[in-house]
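# Got a predicted model here, sequence first, then my questions.
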Amino acid sequence: NNKSRYFSGNDHELVSIFNDPNYMKEGNLFTYDSGPSAVLNRCLYGENINSYQFQYVNQFWEKYDDMKKFYFMAFSEGHEGTGEVVRHLDKP
């Protein structure tokens, strides 16, 4: 099987922040003010939640600058009813 020489699985993974009790209320994923369905800007420890993923990918790119790489990023900001929270992705 030639596929194994090209791809052998994931070497790195950013663990989800969704289990952090400071991000969402225990036992209730669907509140308007916290967690993945919040209609407010999503912060964790004073930073937008997406900043942690950007920091990770930047460190990953710097660490492996001489290697081919692929990184997939998915954000929870687009998963709420108003469609307004996703605009925070474009702000530093």
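Received it, and whenever you're ready, just let me know what you need.

# residue ranges of the strands in this structure, please?
43-44, 47-48 (DSSP state E).

# Tally up the residues packed near S37, please.
18 (other Cβ atoms under 10 Å). Every residue, glycine included, has its C-beta placed from N, CA and C.

# Return the residues in contact with it.
In this structure, S37 makes contact with L29, F30, T31, H79, E80, G81, judged by Cβ atoms under 8 Å, 6 or more residues apart in numbering.

# what about the last one, distance to F30?
Think G81. Plainly put, G81 is 10 Å away from F30 if you go by Cβ to Cβ, to the nearest Å.

# Y52 and L44 touch, don't they?
Yes. Counting by Cβ atoms under 8 Å, Y52 touches L44, with 7.2 Å between them.

# quick one: contacts for F75?
N50, Q53, V86, L89.

# And the furthest pair within those?
Q53 and V86 (14.1 Å; Cβ to Cβ).

# Could you pull out the helices in this protein for me?
Assigned by DSSP state H, the chain shows helices spanning 49-63.

# quick one: low-confidence parts of it?
For the chain, the stretches flagged by pLDDT under 70 are 1-18, 29, 91-92.

# returning to that earlier point: a markdown table for the strands of the chain, including mean neighbour count?
As requested, those are exported to a markdown table (neighbours: other Cβ atoms under 10 Å):
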| stretch | mean neighbour count |
| --- | --- |
| strand 43-44 | 14 |
| strand 47-48 | 14 |
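
# Ok, which of these comes nearest F60?
strand 47-48 (18.1 Å).

# tell me what the closest one is packed against?
On a contact count with 3 or more Cβ pairs under 8 Å, 6 or more residues apart in numbering; DSSP states H and E, strand 47-48 meets no helix or strand.

# Show me what it pairs with in its sheet, parallel or antiparallel.
Using DSSP bridges, strand 47-48 pairs in its sheet with strand 43-44 (antiparallel).
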